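In: below: sequence and its predicted model.
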Amino acid sequence: MIIGSQFNLRHVLRSDLVALTSLFNNLTLRGPYLPHTMLSPDVLEKRYAEDSMSVEDRETLLVVDKGNKIIGTVNYSKSIPYFNTLELGYHIFSIEHRGKGIASEAIGLLTGYLFNSRLINRLEIRLDVENRASERVAIKCNFKKEGISRGANFVNGRFIDMAVYALLRSEWESLGQTT
């Protein structure tokens with residue numbers, strides 16, 4: 001478990017799957033920047049049975065409040081196969097917790113965890129160019145904008161441009177980050 005100031009990051013447990021499926025499938029909580037595809041409870045159960053949502057090059061962690069209630073997720077996965085890179089993702093389900101710095105702190109904690117535990121040189125965040133809240137998270141966490149991938153994702157019936165932000169290990173280290 002990774003301890004944050006207002007929350008913890010922890011692995012998904014089998015007992016979380018019902019609540020997690022409900023949160024993933026609540027399209028109102030997705031907002032305009034994430035795909036509106038539903039996830040079958042059986043599909044999530046199968047994914048969990050295969051690898052507990054935690055393998056070396058991809059992992060989902062829950063953001064839970066101090067009472068262990070799920071308020072969001074953070075994840076990482078292998079980006080481009082030949083890059084020494086992991087791509088980070090995050091979502092705060094709980095509307096009352098949005099805009100309070102939780103996503104930024106969670107990404108900061110995940111960044112420290114990954115640079116301290118993985119032989120990687122680069123982390124990336126890819127986001128809808130119109131998603132100002134996610135852009136603020138990337139900037140607050142010291143990720144640098146590298147460019148735009150035009151028409152790179154299909155969300156809510158249209159192709160959207162994605163901004164690419166990255167943080168190198170050397171940049172993270174130069175900030176005095178060690179955790």
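Out: Received the coordinates, thanks.
In: what residues of stretch 120-135 count as buried?
Out: 120, 122-129, 131, 134-135 (16 or more other Cβ atoms under 10 Å). Where you see a C-beta, it was placed from the backbone N, CA and C, and this is true even at glycine.
In: end to end on it, go ahead and measure it.
Out: End-to-end distance for stretch 120-135: 23 Å, by Cα to Cα, to the nearest Å.
In: show me what the longest helix along the chain is in contact with.
Out: Longest helix in the chain, counting residues (DSSP state H): helix 102-117. Contacts with helix 102-117, where a contact means Cβ atoms under 8 Å, 6 or more residues apart in numbering, come from 2, 4-7, 9, 61, 63, 71-72, 74, 76, 86, 88, 90, 92, 120, 123, 125, 133-134, 136-138, 140-141, 167, 169, 172-173, 177-179.
In: in helices only, show me those residues.
Out: 133-134, 136-138, 140, 169, 172-173.
In: which ChimeraX command selects the buried ones in these?
Out: With 16+ other Cβ under 10 Å as the criterion, this ChimeraX line picks the buried residues out of those:
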select :134,137,138,169,172
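In: mind putting the ones in helices among the contacts of helix 102-117 in TSV, pLDDT and distance to residue 51 included?
Out: Below are the ones in helices among the contacts of helix 102-117 laid out as TSV (pLDDT from 0 to 100; distance: Cβ to Cβ, whole Å):
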residue	pLDDT	distance to residue 51
133	93	30
134	95	27
136	97	32
137	97	27
138	98	28
140	97	31
169	97	26
172	97	27
173	95	31
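In: can you list the weak-confidence ranges in the chain?
Out: 177-179 (pLDDT under 70).
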